[in-house]
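Student: Structure here, sequence nowhere to be found:
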């Protein structure tokens, strides 16, 4: 029996649902029940009333969010090594230090943070809704972490003072994109539309025709009449873009833009995790309760 068939059979037997982030390997995206960004997927898991197990093929903070929002389900991460480097950059101690410096300023944290950090914020946001969340916060100054580039993007869009915590938090993969690569590609494909993730630098955002999250890029590519797109985000998204838009061409703005952490999840590891029900993601109750409030507040603000 093929490995994919074994996974499908196991999934039915164990009443499991497989969630895959847009940056996962193509074969994992193809076998998943749902493919999307982290919060889209966590919300999908909440809707899966019959599921007993969630296999979240992504990185640590996403599986934590799923566990926080679905306390009655068992959440599995195919590879425990799949950790987000940016999420590791913001510690609880760092948040406390900034809160001591700005005691009256609200703390908004990107979902790309660990649960322990989320427990110390007022509300969470995603790259898709960061501008809307910041606009909804009743304050002109906001502590925002951990991505400095997203903080800068939000500050420019809202006109509010956004203080990044830590000062230089970043996504290593999105920092690989450089405007000169886009300029060279535009010489080859002059009619191409450039889509850039807000975790990219200001210089990259300045050469963009569209700036948005992975889910927003998918929607934009579908609705736009252009036939060619230059894409500045992790290469995994191109599989979904090409699959959903077979008549269009998608070119990665930099060929080396691969997140090694996202790619640690493989079909073999997914199968083993599901078969043995191992790599269970748990969040201590006190932290989970506080972090859940921050996530639920986000849902309230954007609905």
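Tutor: Thanks, I have the structure now. Every value quoted in this text rests on a predicted model; they were computed, and no experiment measured them. Numbers count the residues shown, from 1 in each chain.
Student: And the strands in the protein?
Tutor: For the chain, the strands defined by DSSP state E occupy 16-21, 34-36, 53-57, 74-76, 107-110, 123-125, 141-145, 161-164, 193-196, 210-211, 228-232, 249-252.
Student: Give me the sheet partners of the last one and which way each runs.
Tutor: Neighbouring strands of strand 249-252 in its sheet, by DSSP bridges, are strand 228-232 (parallel).
Student: now what about the partner strand, what contacts it?
Tutor: With contact meaning C-beta atoms under 8 Å, 6 or more residues apart in numbering, strand 228-232 is reached by 174, 177, 182, 185-186, 189, 191-197, 200, 204, 208, 217, 221, 237-238, 241, 248-254, 257. Where you see a C-beta, it was placed from the backbone N, CA and C, and this is true even at glycine.
Student: For ChimeraX, what selects the buried ones among the residues you listed?
Tutor: Command for ChimeraX that selects the buried part of the contacts of strand 228-232, burial taken from 16 or more other C-beta atoms under 10 Å:
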select :174,177,182,185,192,193,194,195,196,197,200,204,208,217,221,237,238,241,248,250,251,252,253,254,257
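Student: Which residue is the nearest non-sequential neighbour of residue 53?
Tutor: Leaving aside its sequence neighbours, residue 53 sits nearest to residue 16 (C-beta to C-beta, 6 or more residues apart in numbering; 3.9 Å).
Student: Tell me, how many residues neighbour the one you found?
Tutor: 21 (other C-beta atoms under 10 Å).
Student: Repeat that for residue 203.
Tutor: For residue 203, the neighbour count with other C-beta under 10 Å is 12.
Student: Go ahead and confirm the residue nearest to residue 53 touches residue 56.
Tutor: No: under the criterion of C-beta atoms under 8 Å, residue 16 makes no contact with residue 56, lying 10.7 Å away.
Student: average pLDDT for stretch 274-291?
Tutor: For stretch 274-291, the mean per-residue pLDDT is 97.
Student: Measure how far it is from the centre of its chain, please.
Tutor: Its chain's C-alpha centre and that of stretch 274-291 lie 19 Å apart, by C-alpha atoms, centre = their mean, to the nearest Å.
Student: how about that stretch: buried residues?
Tutor: Quick answer for stretch 274-291 (16+ other C-beta under 10 Å): 274, 279, 281, 283, 287-288, 290-291.
Student: what's the distance between the residue nearest to residue 272 when sequence neighbours are not counted and residue 255?
Tutor: Spatial nearest neighbour of residue 272, excluding adjacent residues (C-beta to C-beta, 6+ apart): residue 278 at 7.2 Å. Separation of residue 278 from residue 255 (C-beta to C-beta, to the nearest Å) stands at 34 Å.
Student: swap in residue 44?
Tutor: To residue 255, residue 44 is 31 Å away according to C-beta to C-beta.
Student: ditto for residue 194
Tutor: Going from residue 194 to residue 255 by C-beta to C-beta gives 16 Å.
Student: Kindly report the same for residue 45.
Tutor: Distance, residue 45 to residue 255, by C-beta to C-beta: 33 Å.
Student: Quick check on those two: which one has the bigger neighbour count.
Tutor: Higher neighbour count among residue 45 and residue 255: residue 45, with 22 against 10, using other C-beta under 10 Å.
Student: list the contacts for that one?
Tutor: Counting by C-beta under 8 Å, 6+ apart, residue 45 has contacts 17, 19, 51, 54, 56, 66, 69-70, 73.
Student: Neighbour-wise, give me the winner out of those residues.
Tutor: Among the contacts of residue 45, the one with the most neighbours (other C-beta under 10 Å) is residue 56, at 32 neighbours.
Student: ok, and the closest non-adjacent residue to residue 269?
Tutor: Of all residues not flanking residue 269 in the chain, residue 78 sits nearest, at 4.2 Å (C-beta to C-beta, 6+ apart).
Student: likewise residue 110?
Tutor: residue 147 (5.5 Å).
Student: ok, residue 19 to residue 6 distance?
Tutor: For residue 19, the distance to residue 6 - C-beta to C-beta - is 19 Å.
Student: just residue 208 next, same as before
Tutor: Plainly put, residue 208 is 42 Å away from residue 6 if you go by C-beta to C-beta.
Student: Quick check: can you list the domain ranges of the chain?
Tutor: Domains of the chain are assigned by automatic domain parsing as 3-83+262-282, 86-170+287-302, 174-252.
Student: end-to-end on the first one?
Tutor: End-to-end distance for domain 3-83+262-282: 27 Å, by C-alpha to C-alpha, to the nearest Å.
Student: For the remainder of this discussion, apply numbering that starts at 225.
Tutor: All set: I'll call the first residue 225, so the last point we hit is now domain 227-307+486-506.
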